[in-house]
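Predicted coordinates and the sequence they were generated for:
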Amino acid sequence: MRILLQPLSVSELTKQITLALTGPEFQSVAVAGEISNFLHHRSGHMYFSLRDAQSRIKAVMFRGRNQRLGFVPKNGDTLVAMGSIGVYEPNGEYQLYVDLLLPLGMGDFHLAFEQLKDKLDKEGLFDAARKRSLPVLPRRVGVITSPSGAAIRDILHVLTRRYPGVQVLVFPALVQGEGAPASLIQALAAAQETNVDVIIIGRGGGSFEDLVAFNDEGLARAIAGSTIPVVSACGHETDFTIADFVADLRAPTPSAAAEIVVPLQEELIANVASLQSRMVSFVQRKIQADRRYVRNLSQRPVLLRPEHHLNQQRQRLDELVTGLGRYERHGVFVKREKLAGLVGKLETLSPLATLGRGYSICQNERGQILRQSHQVVPGDVVNVTLQEGSLSCIVEGRRT
């Protein structure tokens, strides 16, 4: 049998299948099925299969994803798994990489909420690193909510009770209904043009459907792009919205948001009084310590009798001058003795001393000293140096 095609290795074939599954139609899928062979590995990852009456697909949900689950799946649960299709190349098996697990039968609002939450989370809009701290003592607070709801009354009551001097700017907006997201975005944009130090955005409690305006993607991005810190206060303590996740801080209720934003004036006054008392005590202790230091300085002998200390130094100076004179005289004496010894040595080694004992120095006409008789011949002129004077002689003969 003749092979017409170039054969592929198993790895090459697996890589081609992997590339084929990277298309957009396989990167965002929702699969409903019953969980089987569930294993929650000690690494934190979840491995299981999704099956129906005819088929089964392997699935994995890594620890970074399943930590946000509000429940622990188990065999027999029927769920919707959202994620992407990929290939586990070592085994050549395609499987579902799960990003989100939802109970089957979840409403459209809940499904859209989870999908948007997962999307914005991946984009980093929920990251704590991008969130800003609230001002310690804001002068102006902006409030975005319905002007006729209970939330605005609660917020104003708490703000004026806790810190009566704070200024409040209300930006009216719809908090429910079809036009609510656009109205909230418009109010948030208007707040950016003012000098408010912090913004509270929210409403009172309600059903999940009542809070849908605060799960709008456009509003979430507007909150993330705000140049002013935003506190989200939507619903009751147990309610969570997309706005809560993206805001700089989430408050469980509108009243709690007001308590978070401004300090209690009585506590501020008490803190200032405490700081003032501590400052006065510190200054008093510092003054007392400095007084003791000055008193100790004033009792020192050098300050009580300054002339005595001066006389002591004068006497010490005289002693040093006297000692220096003795040192100089002794040094001169030692050097003189050393010089005399050197002079004696020079006199001993001096050629004049040798001449004084009857010796003489003979040199030829070129000035060379003659030590041996064969250095001259008869008729040569020889200069002889004596202790006193010199002779010019002609050699008549020589003896060896």
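Perfect, thanks for sending it. Numbers count the residues shown, from 1 in each chain.

which is the next helix or strand following the helix or strand bottoming out on mean pLDDT in the chain?
Lowest mean confidence among the helices and strands of the chain (mean pLDDT, DSSP states H and E): helix 351-356, at a mean of 70. The element immediately downstream of helix 351-356 (helix or strand, assigned by DSSP states H and E) is strand 361-363.

Which SSE is immediately downstream of that next one?
Proceeding C-terminally, strand 361-363 gives way to strand 381-385 as the next helix or strand, assigned by DSSP H and E.

what packs against that following strand?
For strand 381-385, the packing partners by 3 or more C-beta pairs under 8 Å, 6 or more residues apart in numbering; DSSP states H and E come out as strand 361-363, strand 390-394. Yep, even glycine has a C-beta here, placed from its N, CA and C like the rest.

Return the most buried member of the ones you listed.
strand 361-363 (a mean of 15; mean count of other C-beta atoms under 10 Å).

Which elements pack onto that strand?
strand 381-385.

Rounded mean pLDDT for the strand it packs on, please.
Averaging pLDDT along strand 381-385 yields 88.

What pairs with it, parallel or antiparallel?
Here strand 381-385 is paired, per DSSP bridges, with strand 361-363 (antiparallel), strand 390-394 (antiparallel).

The ones you listed into a markdown table, with extra columns for distance to D77 and mean pLDDT?
Putting the strands paired with strand 381-385 into a markdown table (distance: least, C-beta to C-beta, whole Å; pLDDT from 0 to 100) gives the following:
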| stretch | distance to D77 | mean pLDDT |
| --- | --- | --- |
| strand 361-363 | 131 | 87 |
| strand 390-394 | 137 | 88 |
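
Let me have the ones you listed in a markdown table, extended by distance to R314.
What follows is the strands paired with strand 381-385, written out as a markdown table (distance: least, C-beta to C-beta, whole Å):
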| stretch | distance to R314 |
| --- | --- |
| strand 361-363 | 66 |
| strand 390-394 | 68 |
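
R329 is nearest to which of the ones you listed?
R329 sits nearest to strand 361-363 of all the strands paired with strand 381-385, at 43.6 Å, using C-beta to C-beta.

Report the distance from that closest one to the chain centre.
93 Å (C-alpha atoms, centre = their mean, to the nearest Å).

what about the biggest helix by length in the chain, average pLDDT?
As assigned by DSSP state H, the longest helix anywhere in the chain is helix 306-349. Mean pLDDT, computed over helix 306-349, is 81.

Also stretch 152-167?
In this model, stretch 152-167 has a mean pLDDT of 92.

so how far is that stretch off the chain centroid?
Put simply, stretch 152-167 sits 39 Å off its chain's centre (C-alpha atoms, centre = their mean).

Could I get the buried residue list for it?
Under the neighbour-count criterion of 16 or more other C-beta atoms under 10 Å, stretch 152-167 has 152, 154-156, 158-159, 162-163, 166 buried.

Redo those as CSV? Include distance to A213 and secondary structure.
Shown next, in CSV, are those (distance: C-beta to C-beta, whole Å; DSSP: H, G, I helix; E, B strand; the rest coil):
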residue, distance to A213, secondary structure
I152, 16, helix
D154, 19, helix
I155, 18, helix
L156, 22, helix
V158, 23, helix
L159, 23, helix
R162, 28, helix
Y163, 29, coil
V166, 27, coil
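
need those residues in TSV with distance to E25, can you?
Putting those into TSV (distance: C-beta to C-beta, whole Å) gives the following:
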residue	distance to E25
I152	47
D154	49
I155	47
L156	52
V158	51
L159	52
R162	55
Y163	56
V166	54
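
of all those, which two lie farthest apart?
I152 and Y163, at 17.2 Å, using C-beta to C-beta across those.

secondary structure class for S49?
Here S49 is recorded as strand under DSSP: H, G, I helix; E, B strand; the rest coil.

thought it was touching A59?
Yes - using C-beta atoms under 8 Å, S49 is in contact with A59, at 6.5 Å.

For those two, indicate the residue with more neighbours.
A59 (22 against 17; other C-beta atoms under 10 Å).

Spell out for me which residue occupies the centre of the chain.
By C-alpha atoms, centre = their mean, the chain has its centre lying nearest to A129, at 13.9 Å.

Could I get the contacting residues of it?
Going by C-beta atoms under 8 Å, 6 or more residues apart in numbering, A129 touches no other residue.

So it, which state does it fall into?
When classified by three-state DSSP, A129 comes out as helix.

Next: S84.
At S84, secondary structure determined by three-state DSSP is strand.

What's the per-residue pLDDT of it here?
pLDDT at S84 comes out at 86.

For it, which residues count as its bridge partners?
Residues in a beta bridge with S84, per DSSP bridges, are Y97.

what separates it from V31, distance-wise?
Relative to V31, S84 is positioned 11 Å away (C-beta to C-beta, to the nearest Å).

tally of neighbours for V246?
Per other C-beta under 10 Å, the neighbour tally for V246 reads 27.

can I assume it is in contact with A220?
Yes - with contact defined as C-beta under 8 Å, V246 reaches A220; the gap is 4.7 Å.

Break this structure down into its structural domains.
10-106, 139-262, 355-394 (automatic domain parsing).

where along the stretch 51-200 of the chain do the helices fall?
For the stretch 51-200 of the chain, the helices defined by DSSP state H, counting those that start in this stretch cover 63-66, 108-123, 150-162, 180-192.

hmm, back to that, so for S84 and V31, which residues contact both of them?
Residues touching both S84 and V31 by C-beta under 8 Å, 6+ apart: L96.

L370: what's it in contact with?
Neighbouring residues of L370 by C-beta under 8 Å, 6+ apart: 362-364, 376, 382.

What is the most widely separated pair among those residues?
It's Q363 and V376 that sit farthest apart of the contacts of L370, by C-beta to C-beta, at 10.5 Å.
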